[in-house]
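S.K.: Test case, fold it:
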Amino acid sequence: MFARLPLFSSNLTAYAISFIGVIPIYFFASNHARRYVLALTRWHGVRFGLEPGAWGYAGRAMWHWCITLLNVGILWPRKRFCL
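M.R.: Modelled structure (predicted):
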């Protein structure tokens, strides 16, 4: 929203740019949350976990979401399987 002051004349453009900037951070945080939960999970002595690589996951998630949105949700099962 700070970029709105000198660059844009409308709030809508600034809100859209801020939303687009928050999307990768959301995927990054969701991967870290999943990693944290799995690190604390044990099942019959087997400990789970994820390797570090949240930015790679965020990039793949954005790519799969873009493909799914362009196909109007037809590739939703593919997105779920890949992520």
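S.K.: in the protein, what spans have low per-residue confidence?
M.R.: The chain contains residues with pLDDT under 70 at 1-10.
S.K.: quick one: the helices in the chain?
M.R.: Per DSSP state H, the chain carries helices over the ranges 4-7, 11-39, 54-70, 76-82.
S.K.: which of the ones you listed is buried the deepest?
M.R.: Highest mean neighbour count among the helices of the chain (mean count of other CB atoms under 10 Å): helix 54-70, with a mean of 15. Placement of C-beta: from N, CA and C, glycine included.
S.K.: centre of the chain versus it, how much separation?
M.R.: Remark: helix 54-70 is offset 7 Å from the chain centroid, using CA atoms, centre = their mean, to the nearest Å.
S.K.: what's the nearest residue to the most centrally placed residue in the chain if we skip its chain neighbours?
M.R.: In the chain, the centroid-proximal residue (CA atoms, centre = their mean) is Phe27; its distance is 2.1 Å. Leaving aside its sequence neighbours, Phe27 sits nearest to Ala58 (CB to CB, 6 or more residues apart in numbering; 3.8 Å).
S.K.: Next one: that neighbour from Arg34, what distance?
M.R.: Per CB to CB, to the nearest Å, Ala58 is found 12 Å from Arg34.
S.K.: next one: Cys66
M.R.: Noted for Cys66: a distance of 21 Å to Arg34, by CB to CB.
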